[in-house]
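Colleague: Predicted model follows, preceded by the sequence.
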Amino acid sequence: MTSFLSFSSVLLVLKLCSGEWCYQSQLSCRSECRGPSEWKKEFPQCGHQSQSPINIVTRKVKHDPHLTSLIFDGHENPFNMSVENHGQSAHFKLSQYVRLRGGGLSATYKAVQFHLHWGEDGGQGSEHSVDGELYPMELHIIHIKEKYDNLTEALKDSTGVAALAFFFEVLMPF
């Protein structure tokens, strides 16, 4: 049987949280970590409106006619990359010639890495949700403002990081 992946996307501008944390799907194998519901208790910087995990409630979404289209520069070009295992996810370092602008962003952002979050056997694995629904996999492409040299520096600015998130579903053929 063949499976197909489809995706929806959402732009998130957020500060990433760190510490001894994990995702819901990892709680059974790593009991000392803190799942998403505990993040804001253990890491107060994670308890704000633009922090992970985010549930997008579609009936509360408001259209902003002033937002422009996102402009992707270099995302389609081939380049070399390296991969690092960060425990919760594999991080793929990207060429900083890849840029993102428009869409209401205050500046041009350069790509630094992408990573994936996934569940077991097509189960829930996404970090974020839409109307409470988690997806089997979520891809994040992390960009930082051009003026910053690295992610650590960009995280000190509340608009220093722009992350593109893509949700994947497994579709079974008829």
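Modeller: In hand now; what should we look at?
Colleague: Lys40 and Gly87, how far apart?
Modeller: Look at Lys40 and Gly87: by C-beta to C-beta, to the nearest Å, they are 21 Å apart. C-betas here are computed from N, CA, C, even on glycine.
Colleague: Okay, helices next: where are they in this protein?
Modeller: 39-42, 151-154 (DSSP state H).
Colleague: Distance to Ile141 added to those helices, as a markdown table?
Modeller: Shown next, in a markdown table, are the helices of the chain (distance: least, C-beta to C-beta, whole Å):
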| stretch | distance to Ile141 |
| --- | --- |
| helix 39-42 | 22 |
| helix 151-154 | 13 |
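Colleague: Need these in JSON lines (columns: mean pLDDT).
Modeller: Formatted as JSON lines, the helices of the chain follow (pLDDT from 0 to 100):
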{"stretch": "helix 39-42", "mean pLDDT": "70"}
{"stretch": "helix 151-154", "mean pLDDT": "93"}
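Colleague: Rebuild these as JSON lines, extending it with mean neighbour count and distance to Ile71.
Modeller: Shown next, in JSON lines, are the helices of the chain (neighbours: other C-beta atoms under 10 Å; distance: least, C-beta to C-beta, whole Å):
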{"stretch": "helix 39-42", "mean neighbour count": "14", "distance to Ile71": "32"}
{"stretch": "helix 151-154", "mean neighbour count": "16", "distance to Ile71": "19"}
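Colleague: do you know which of these lies nearest Asn80?
Modeller: helix 151-154 (19.4 Å; C-beta to C-beta).
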